[in-house]
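> Sequence first, then the predicted structure, then my questions.
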Amino acid sequence: MNLASVRIITADIEPLVKFYEDVTGSKIIMYTPDFAELQTPQATLAIGSTNTLALFGGNEIAETAANRSVIIEFRVDDVDKRYEEIAGTIGDKLVQAPTTMPWGNRSLLFRDPDGNLVNFFTPVSPEAKQRFGV
């Protein structure tokens, strides 16, 4: 089994697509006005509008901008450099500037426009580097 994607359901897809393009530096593929994907070699971040909920059984199956338990994580080459590059985009959504965690990752934590937590991290300890094969 492989994790294929994580999907964010949003009431306004365009600001979320722009935000993730800005912070990742990657182009997001817009398949329809209601569905987009940010593809990486390991997994995909999908972004769907609330209009897509009808295809899954109804609008009540997901609530936009209500996540309080998931962190969307991206491994980056240099989290400190990336922070300098995107600090203006993050603005007041910063939760924690780059900090070295006890498990060996240096992490930057911020929120996207819908309030979802996003973590950019770089393995820095020998053990963390080994876990990620870097």
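Structure's in. What do you need? Residues are numbered from 1 along each chain as shown.

> Show the residue spans covered by the helices in this structure.
For the chain, helices defined by DSSP state H occupy the ranges 13-24, 79-90, 126-132.

> Which one of those helices lies nearest to Asp112?
For the helices of the chain, proximity to Asp112 was assessed by C-beta to C-beta; helix 13-24 is nearest, at 5.5 Å. In this view, the C-beta of every residue, glycine as well, is placed from N, C-alpha and C.

> How is this structure partitioned into domains?
1-55, 67-134 (automatic domain parsing).

> How about the contacts made by the residue nearest to the spatial centre of the chain?
Closest residue to the average C-alpha location of the chain: Ile72 at 4.3 Å, with C-alpha atoms, centre = their mean. Remark: with contacts taken as C-beta atoms under 8 Å, 6 or more residues apart in numbering, Ile72 is in contact with Val6, Ile8, Leu45, Asp112, Asn116, Leu117, Val118, Asn119.

> redo that, cut-off 7 Å
Applying C-beta atoms under 7 Å, 6 or more residues apart in numbering, we find Ile72 in contact with Val6, Leu45, Asn116, Leu117, Val118.

> Kindly provide the distance from Ile72 to Leu45.
Distance, Ile72 to Leu45, using C-beta to C-beta, to the nearest Å: 7 Å.

> Same question for Ile71.
Ile71 is 12 Å from Leu45, by C-beta to C-beta.

> Tell me which of the two has more neighbours.
Between Ile71 and Leu45, Leu45 has the larger neighbour count (other C-beta atoms under 10 Å), namely 21 against 12.
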